[in-house]
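Asker: give me coordinates for this.
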Amino acid sequence: MSRRRVLLADDHELFRAGLAELINGQPDLQVVGQAGDGFEALTLARELHPALVVMDISMPVCDGLEAARLIRTTPNTAGVRIVMLTVHDEDEKLFEAIKVGANGYLLKNSNAAEFLRGVRAALAGEAVLPPKLAARLLDEFARLAARRDAPAQRTDAPSPGDDLTAREREVLALVATGASDRDIADRLFLSVHTVKSHVRNILAKLHAVNRSAAVDQARRRGLM
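Answerer: Numbers count the residues shown, from 1 in each chain. Now for the predicted structure:
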């Protein structure tokens, strides 16, 4: 049986050595490299082509988040599975790690069986999350989805001025210069009555009480 290649990254050498001993004691797993910071992890990932990087989220020089992002955006390492290590299940960096491409989390206080089960699950293409972290992640996604959907509901109706016609925009531009209804009519070859009608529509669509307010509203909204 070929052994799956694992890269370890943690700035605590004794902890890293303990993980390496545990992994190398498995018939199907092999530690091919060890890194003490994120930049070293990226370098070794490029050189050694591991199937999985198990990486501490908090490291000096370059932390696990930045290292995960770099590994994900480097062509020859983009397909590597990444599992982050964290000390406790309240780590606020969880969501950032998922965003930059981590495939899961393992707690540093996991027992050997839990850790190895997580490693093998990651190598099998599964997401690796302790139950409490999974619940927090789902809560966060629900919150983000609600926030994303709220603007969509508000924009179902056009914002003031979005429904101005091309002709109304022309009239509005001339109103902004201080032109009278007669001046606008002459410039656009319209009747004064038609210009007045356009101005009324403009005021209504911009929710403005007078010409000056309509011009101010249009400028604030970038309509002119």
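Asker: secondary structure element for the residue most central in space within the chain?
Answerer: The residue lying closest to the centre of the chain (C-alpha atoms, centre = their mean) is Lys99, at 5.7 Å. Using DSSP states H and E, Lys99 sits within helix 94-100.
Asker: with just CA atoms, put that helix into CSV.
Answerer: What follows is helix 94-100, C-alpha atoms only, in CSV (Å, rounded to 0.1, in the frame of the first residue of the first chain):
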residue,chain,number,x,y,z
LEU,A,94,-12.1,29.6,11.8
PHE,A,95,-14.2,31.4,9.2
GLU,A,96,-11.2,33.2,7.7
ALA,A,97,-9.5,29.8,7.3
ILE,A,98,-12.5,28.3,5.4
LYS,A,99,-12.6,31.4,3.2
VAL,A,100,-9.0,31.1,2.1
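Asker: neighbouring contacts of that helix?
Answerer: Residues from elsewhere that reach helix 94-100 (C-beta atoms under 8 Å, 6 or more residues apart in numbering): 57, 64-65, 68-69, 72, 84, 86, 105, 133, 136-137, 140. C-beta coordinates here come from the backbone N, C-alpha and C atoms, glycine included.
Asker: buried ones in the helix or strand hosting Arg143, by neighbour count?
Answerer: Per DSSP H and E, Arg143 falls inside helix 131-154. By neighbour count on 16 or more other C-beta atoms under 10 Å, the buried set for helix 131-154 is 133-134, 136-137.
Asker: most widely separated two among the residues you listed?
Answerer: Ala134 and Arg136 (7.4 Å; C-beta to C-beta).
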